[in-house]
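>>> Any chance you could fold what I've pasted below:
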Amino acid sequence: RAAEWMMNRWLNGRFRFSLRLSGSRISLPFGLVLLMRLGLPMTAFFVAFNPIWGFSWYFNTESWATGIYQKLTELRVDAWRASMIDAVMRAYGGGDELFRIEPVGISENGDFSFLVIGDPGEGDASQYSLAARYLKLGQNDDVKFLVVSSDVIYPAGAIEDYEAKFYLPFQGFGKPVYAIPGNHDWFDALEAFNANFLEPKAARAAIEARVDADLNLTSTNAHRINRLMTHAERMRRLYAVNVGTQRAPFFEFQTNDFALIAIDTGILRTVDARQRAWIERVLERSRGKFIMAIVGHPRFAGGRDTAETDEEFATLYKLLTSYGVRIVMAGDTHDFEYYREGSGPRLTHHFVNGGGGA
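Below you'll find the predicted structure:
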């Protein structure tokens with residue numbers, strides 16, 4: 001009898017599951033409910049055991065969540081960025097000079113240093129173990145500013161994560177901090193990045209423009225925008241981090257003989273038409289100078305050319321090479337790598353600088 005009871009229980013369960021599976025094929029709501037019921041216990045299992053295993057990009061539930069965020073946002077980045085650029089230019093009534101940073105203490109002809117940190121925003125020991133080093137370097141008089149070259153905040157660029165993953169590690173640095181976003185920073189439509197890194201006037205214009213670009217079909221409203229702006233201002237004041245002075249997720253810096261151009265390549269390694277035109281104008285006025293580019297994604301990583309199957313991305317790097325850019329540095333890939341391309345006056349040094357914490 002016990003064997004018969006167990007067999008009946010198994011058959012009933014198996015038939016019920018088959019019926020649910022069949023229903024999920026013809027009904028989207030039914031399918032979503034089934035996925036939730038099947039997925040939540042597995043997620044709970046991973047969450048429960050993750051502290052025992054330690055951090056793992058594969059078994060960490062945040063990594064699985066970011067995959068969903070990426071699919072939801074990746075195709076909208078260029079449209080959002082273009083709308084933001086237009087809105088900022090309308091707000092200021094100016095041209096390309098809007099997107100030029102001007103850190104203090106640098107003469108047109110004098111030497112200076114600056115730091116570049118890629119992918120810092122974990123908020124754990126991997127990030128904090130480096131903080132003492134760049135805080136110490138920042139005390140040197142010749143160091144004038146710092147650039148975060150991608151992925152300021154993991155896993156999804158949320159405003160709530162900025163205190164632990166940005167302001168606390170950078171507290172005491174003192175010099176200006178600039179940034180270009182990585183793919184993770186775009187997962188919240190760049191709202192938190194804009195609120196923290198852009199001038200308040202530019203940040204508000206950019207966030208409102210993104211909402212308009214999405215026809216107001218978003219949970220972001222005037223109340224949320226005010227909350228974002230208030231939170232960012234409070235963090236800047238509380239931790240005295242010199243941030244919030246750029247006007248876009250890209251920028252340039254120029255002296256008489258040096259040009260730095262920072263390029264946002266979003267999630268899919270793309271630039272919209274407006275940023276591309278801006279890049280071309282920056283490169284043109286940088287002719288004859290030593291040019292360095294900081295790009296959201298690397299051309300060479302893991303021993304291969306990542307642009308081989310991406311014509312648009314390859315075109316961007318060809319443009320940089322055609323103007324004699326000598327150093328290209330990118331984050332996104334979580335390690336340090338170095339490659340040489342070309343030779344002589346056409347030699348380009350490629351750095352992957354993604355060891356800032358990820």
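
>>> can we go C-alpha only for contacts and neighbour counts from here?
Will do.

>>> for this protein, what helix or strand is lowest in average pLDDT?
helix 28-53 (a mean of 51; mean pLDDT, DSSP states H and E).

>>> Could you give the average pLDDT over stretch 256-276?
Model confidence over stretch 256-276 averages 96 on the pLDDT scale.

>>> again, but for stretch 325-342
95.

>>> ok, and for that stretch, which residues are buried?
Val325, Arg326, Ile327, Val328, Met329, Ala330, Gly331, Asp332, Thr333, His334, Asp335, Glu337 (16 or more other CA atoms under 10 Å).

>>> give me phi/psi at the second one?
If I follow you right, that is Arg326. For Arg326, the backbone dihedrals are phi -90, psi -30 (criterion: degrees, to the nearest 10).

>>> I figured it hits His349, correct?
Yes - Arg326 lies in contact with His349 (CA atoms under 8 Å); the separation is 6.1 Å.

>>> can you give me the helices in the stretch 201-350 of the chain?
Applying DSSP state H, counting those that start in this stretch to the stretch 201-350 of the chain gives helices spanning 222-239, 273-285, 311-322.

>>> Quick one: low-confidence residue ranges for the stretch 1-150 of the chain.
14-69 (pLDDT under 70).

>>> mind running it again at 50?
Flagging of the stretch 1-150 of the chain using pLDDT under 50 yields the residue ranges 21, 24-26, 34, 38, 46-47, 49-59.

>>> what are the ranges of the strands in it?
Remark: strands assigned in the stretch 1-150 of the chain by DSSP state E, counting those that start in this stretch are 113-117, 143-148.

>>> Alpha carbons of the longest one, in CSV - could you do that?
Same thing as strand 143-148. Written as CSV, here are the backbone C-alpha positions of strand 143-148 (Å, rounded to 0.1, in the frame of the first residue of the first chain):
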residue,chain,number,x,y,z
VAL,A,143,47.9,64.7,-9.0
LYS,A,144,45.1,67.0,-10.1
PHE,A,145,42.1,64.8,-10.7
LEU,A,146,40.8,61.2,-10.9
VAL,A,147,38.7,59.5,-13.6
VAL,A,148,36.5,56.5,-13.0
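
>>> sorry, back to before: could I get the helices of the stretch 201-350 of the chain as TSV with distance to Asn140 and mean neighbour count?
Formatted as TSV, those follow (distance: least, CA to CA, whole Å; neighbours: other CA atoms under 10 Å):
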stretch	distance to Asn140	mean neighbour count
helix 222-239	20	15
helix 273-285	29	16
helix 311-322	31	15
